[in-house]
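Undergrad: sequence first, then the predicted structure:
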Amino acid sequence: MIRIMKWVLRILAGLFLFAALGGLFLYFQGKLNNVTIAGTFAALFGVFLNESSKIADKQTQRSKFFLEQSIAGFEHTVNLLNDRNNDRIKWISAARILQQSLKLSRRITENEHKSILQIQMDQYRHQLWEILNPDNERITSTFFYGVNDSSLDIQEAAKQSSLPTDGEPKDRLSSVHSLSEKSLFEIWSFMEFSENYADPLHNTFCQDKIESLRLQHPPLYEYLKHKQKYHSAAGKLHKLLDKEE
């Protein structure tokens, strides 16, 4: 809407400028007795041009605001995960902040702001990849089950992911500490793609995407495949029915 108003005002300013020049031309040809009309049109040209400039400045400031807020959100996302934690709540929070930051970034209108944003987003993608680097000894398939002991096999990690921990109600029999697949999908999508996000938090990894992770990120691949086969509750694993059945 602001962009439309800006161009409407510029068009009107142009029309009044043309009318003012036309009035002067007629005056010098002796077809007008005075230049009052031309002066009026010139004044209106100045008014509309000034209003157009104000709207353009407002649009630039709005674009700058969305740039600053989206960058702050990306930075907060990275800061939440920078210590390479596997806290389910932090990952969900990071994913939601990332999603909102992406929405804000789409409201940036100025080309120079978009260029700055792209540079910053590439930097944050690189930082997130370093956090989830599969070559790091901590990033195993058990990491995604929210357990601290990376030496555990995935079966044991899955069992422990549903056991209550210190600080939870004593009468709680089962809990959930594994990382949410939706939050993982949001983070991974940002790391992998530069645009075309369609509400990632409403999506999960499709089978083709999971298979592509076999080479891209083996620990995440193993975790997702294991989650498809088992459900953990109260420290026990329950085998899920195959999707084909």
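TA: Sure, I can see it. Residues are numbered from 1 along each chain as shown.

Undergrad: pLDDT weak spots in the protein?
TA: Along the chain, segments meeting pLDDT under 70 span 1-56, 166-168, 170-173, 193-202, 241-245.

Undergrad: where do the helices sit along it?
TA: All helices of the chain, identified by DSSP state H, fall at 2-28, 36-81, 88-105, 111-131, 154-160, 181-192, 207-216, 218-229.

Undergrad: the last one packs against which elements?
TA: If contacts are counted by 3 or more C-beta pairs under 8 Å, 6 or more residues apart in numbering; DSSP states H and E, helix 218-229 sits against helix 154-160, helix 181-192, helix 207-216. Yep, even glycine has a C-beta here, placed from its N, CA and C like the rest.

Undergrad: residues in contact with the longest one?
TA: Translated: helix 181-192. Around helix 181-192, the neighbours that count as contacts under C-beta atoms under 8 Å, 6 or more residues apart in numbering are 81, 91-92, 94-96, 98-99, 102, 124-125, 128-129, 132, 144, 197, 200-205, 217, 220, 224, 227.

Undergrad: go with 7 Å
TA: With contact meaning C-beta atoms under 7 Å, 6 or more residues apart in numbering, helix 181-192 is reached by 91-92, 94-95, 98-99, 125, 128-129, 197, 200-201, 203-205, 224, 227.

Undergrad: try stretch 217-226
TA: With C-beta under 7 Å, 6+ apart, stretch 217-226 has contacts from 134, 139-141, 143-145, 154, 158, 181, 205, 210, 213-214.

Undergrad: counting neighbours, which of those comes out on top?
TA: Phe144 (28 neighbours; other C-beta atoms under 10 Å).

Undergrad: report how many residues lie close to the residue lying closest to that one once chain neighbours are set aside.
TA: Spatial nearest neighbour of Phe144, chain neighbours left out: Tyr223 (3.9 Å); criterion: C-beta to C-beta, 6 or more residues apart in numbering. Tyr223 has 26 neighbouring residues, counting by other C-beta under 10 Å.

Undergrad: ok, Thr165 next?
TA: Thr165, neighbours per other C-beta under 10 Å, totals 10.

Undergrad: what do you get for Ile131?
TA: 18.

Undergrad: doesn't Arg84 make contact with it?
TA: Yes: applying C-beta atoms under 7 Å, one finds Ile131 in contact with Arg84, separated by 5.6 Å.

Undergrad: got a list of what Ser161 touches?
TA: So Ser161 contacts Tyr145, Gly146, Val147, His177, Ser178, Ser232 (C-beta under 7 Å, 6+ apart).

Undergrad: please convert the buried members of those into PyMOL selection syntax.
TA: Selection of the buried residues among the contacts of Ser161 in PyMOL, burial being defined by 16 or more other C-beta atoms under 10 Å:
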select buried, resi 145+146+147+177+178+232
